[in-house]
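Peer 1: Requesting a structural model of the entry that follows:
(4 chains)
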Number of protein chains: 2
Amino acid sequence: MSGEQTEKPGRKPRIRDAEATKARILDAAKKEFAKNGLGGARVDDIAEKAKANKRMIYHYFESKEGLFQTVLEDAYLDIRSAEQKLHLEDLDPKGALEKLVRFTWEYYLKNPEFLTLVNSENLHRAKHLKKSEIIKVSSRKLVSLVSSILERGVTAGVFRDGVDPVQLNITIAAVGYYYLTNRFTGTIIYERDLMAKDALEQRIQFNIDTIMRLVTI
Amino acid sequence: MSGEQTEKPGRKPRIRDAEATKARILDAAKKEFAKNGLGGARVDDIAEKAKANKRMIYHYFESKEGLFQTVLEDAYLDIRSAEQKLHLEDLDPKGALEKLVRFTWEYYLKNPEFLTLVNSENLHRAKHLKKSEIIKVSSRKLVSLVSSILERGVTAGVFRDGVDPVQLNITIAAVGYYYLTNRFTGTIIYERDLMAKDALEQRIQFNIDTIMRLVTI
DNA sequence: CAATTAACGCACTAACTAGTTACTTCTTTA
DNA sequence: TAAAGAAGTAACTAGTTAGTGCGTTAATTG
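Peer 2: Residues are numbered from 1 along each chain as shown, chains lettered A, B, ... in the order given. Next up, the predicted model:
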């Protein structure tokens, strides 16, 4: 997010700041896209909330869809980079897996926009993500992270052999994602406040249990 | 779907058929809402695809949101009624649970509109479902279905005690729903065709395994 | 069969929406 | 310091969009 113009540290604050404007637009866009979806979000609203002129959006991002693509890429890069920062390779297999399940849950909980952005992208059959090469590269790292945890666990005799790392990855995401993205209908269907503090604690424990039982011998 | 006017069995076919028109509108609306979301769907397109006049939509359903609400209610009632028709009470606990997991998966697979409709409703914070009393009633039946399978399993000594039926229910839905609703981004992230025949078979087996391990002692 | 009711359709509108044109103002650098 | 270029703005356009007013035609019923 910090661009070419911020090299000199001691420079005076600019009134005209391209990077800051861009960042404000991206931040506002993320919120609007998450709240209303790609189709429901309004470019005028994004401009207003970013305290920028609508013209600037087209100047920096070319189109509404171009803006959406950047927002989506940034969102994926953020979670992928956070996963790498967990340093799961330093933990024992069981501890690493539990930490990943917990992290995934907490990330979704703190960044609900991520869930809505992904839903919106899937409604559009991933047409924006398809164009992004950087996303593929960073995704591979996640899969190999889980692979290596599984392998270490099998070697240590604590995990069973033959668990597909991709299926495991999907399941770790699924048990948290579904609960949180469908929290509104879920609260009605199950007649229970799924977002109450104790309900959230119960769920993360349940999810850890689910995943641990899945890999245990 | 069959209304008051169809009482007499031997009547002549009508050129003007309110029930048939309503049904065509609902069918077209379901497809359009599923494809584009509530915000993205176009009333004109729904009318055209239903081979009805737009005026009829407002005549029968009052508004675009009224139409969406009806579509959503019908979708929920359909899956809830199909679940009841499984007669899981006639099967042993393990068989019943496996059948429910398999049914849920196959229902999502055959009715992908259901997933998108639910996503759309959650984007709108369940404001339409909130108004629907009939949905709450039919949901209770699903929860008690799973509860009784669990109880029977515990009594028979095949399931462990203390598994929350709501959490189990959510998890059964989650492992299928997430995989299918995010199939477009998933195919990119995991660089694997998630909808290939063998991939789908692998997933349902994995899901059954996940759920069985979760409830087994 | 006349009168009423319900189904249906055309054509319109008022508000909105993504994107643009043409311009001003600030900042950098040759 | 002058010129160039980049940042920023207001007002506009062309096309959409949900929703309606009002008239027509078919079916029902007394």
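
Peer 1: Please enumerate the helices of chain A.
Peer 2: A:18-40, A:43-49, A:54-61, A:64-84, A:93-110, A:112-123, A:133-155, A:165-181, A:183-189, A:197-215 (DSSP state H).

Peer 1: mean confidence for the second one?
Peer 2: Across helix A:43-49, the average pLDDT comes to 97.

Peer 1: right, is it up against chain B?
Peer 2: No: when contact is scored as CB under 8 Å from any CB of the partner chain, no part of helix A:43-49 falls within range of chain B; the minimum is 13.2 Å. C-beta here means a position set from N, CA and C on the backbone, and glycine is covered the same way.

Peer 1: Just the CA trace of that helix, in PDB.
Peer 2: Extracted as PDB, the C-alpha positions of helix A:43-49 are listed here (Å, rounded to 0.1, in the frame of the first residue of the first chain):
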ATOM      1  CA  VAL A  43     -19.800   4.000  -7.100                       C
ATOM      2  CA  ASP A  44     -21.200   7.300  -5.900                       C
ATOM      3  CA  ASP A  45     -21.400   6.000  -2.400                       C
ATOM      4  CA  ILE A  46     -17.900   4.700  -2.500                       C
ATOM      5  CA  ALA A  47     -16.600   8.000  -3.700                       C
ATOM      6  CA  GLU A  48     -18.500   9.900  -1.000                       C
ATOM      7  CA  LYS A  49     -17.400   7.600   1.800                       C
END
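
Peer 1: Is there any residue in that helix that contacts DNA strand C?
Peer 2: Yes: with CB under 7 Å from any atom of the strand as the threshold, helix A:43-49 lies in contact with DNA strand C, specifically through A:V43, A:D44.

Peer 1: Quick one: residues in contact with that helix.
Peer 2: The set of residues external to helix A:43-49 that reach it, using CB atoms under 8 Å, 6 or more residues apart in numbering or on different chains, is A:I25, A:A28, A:A29, A:K31, A:E32, A:N53, A:K54, A:M56, A:I57, A:K64, A:L67.

Peer 1: residues contacting the fifth one?
Peer 2: Just to be clear, that refers to A:E32. Applying CB under 8 Å, 6+ apart, one finds that A:E32 lies in contact with A:A41, A:R42, A:D45, A:I46, A:K49.

Peer 1: What about those residues, which one has the most neighbours?
Peer 2: When these are compared by neighbour count (other CB atoms under 10 Å in any protein chain shown), A:I46 ends up highest, at 25 neighbours.

Peer 1: Just give me the neighbour total for A:Y76.
Peer 2: The criterion is other CB under 10 Å. On that basis, A:Y76 has 22 neighbouring residues.

Peer 1: Contact partners for the residue lying closest to it once chain neighbours are set aside?
Peer 2: Nearest-residue entry for A:Y76: A:I135, 5.2 Å, with adjacent residues in sequence omitted and distances by CB to CB, 6 or more residues apart in numbering or on different chains. With contact taken as CB under 8 Å, 6+ apart, A:I135 is in contact with A:E73, A:Y76, A:L77, A:L129, B:I188, B:I189.

Peer 1: just A:T21 next, same as before
Peer 2: Residues counted as contacts of A:T21 (CB under 8 Å, 6+ apart) are A:A50, A:A52, A:M56, A:Y60.

Peer 1: let's go with 10 Å and repeat that
Peer 2: A:A50, A:K51, A:A52, A:N53, A:M56, A:I57, A:H59, A:Y60 (CB atoms under 10 Å, 6 or more residues apart in numbering or on different chains).

Peer 1: Nearest to B:L150 among those residues?
Peer 2: Within the set of the contacts of A:T21, A:A50 lies nearest B:L150; the separation is 50.4 Å, counting by CB to CB.

Peer 1: Wait, the closest one touches A:V71, no?
Peer 2: No: using CB atoms under 10 Å, A:A50 and A:V71 do not qualify as a contacting pair, with a distance of 12.0 Å.

Peer 1: overlap in contacts of the two?
Peer 2: Contacts common to A:A50 and A:V71, judged by CB under 10 Å, 6+ apart, are A:I25, A:L26, A:D27, A:A28, A:A29, A:K31, A:E32.

Peer 1: Weed out the non-buried ones from the residues you listed.
Peer 2: Buried positions within these, assessed by neighbour count (16 or more other CB atoms under 10 Å in any protein chain shown), are A:I25, A:L26, A:D27, A:A28, A:A29, A:K31, A:E32.

Peer 1: Name the member of those with the shortest distance to chain B.
Peer 2: Within the buried ones among the shared contacts of A:A50 and A:V71, the smallest distance to chain B is 12.2 Å, found for A:E32 (CB to the nearest CB).

Peer 1: The closest one and DNA strand D, how far apart?
Peer 2: According to CB to the nearest atom of the strand, to the nearest Å, A:E32 stands 17 Å off from DNA strand D.

Peer 1: coming back round to it: in CSV, list the contacts of A:E32 along with distance to A:N122.
Peer 2: Rendered in CSV, the data for these read as follows (distance: CB to CB, whole Å):
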residue, distance to A:N122
A:A41, 16
A:R42, 21
A:D45, 23
A:I46, 21
A:K49, 25
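
Peer 1: Within range of DNA strand D, give me the residues from chain A.
Peer 2: Looking at DNA strand D, the residues of chain A close enough under CB under 7 Å from any atom of the strand are A:R16, A:D17, A:A18, A:A20, A:T21, A:A52, A:N53, A:K54, A:R55, A:M56, A:H59.

Peer 1: Make sure A:D92 is actually in contact with A:A156.
Peer 2: Yes: in this structure, A:D92 is within contact of A:A156 by CB under 10 Å, at 7.4 Å.
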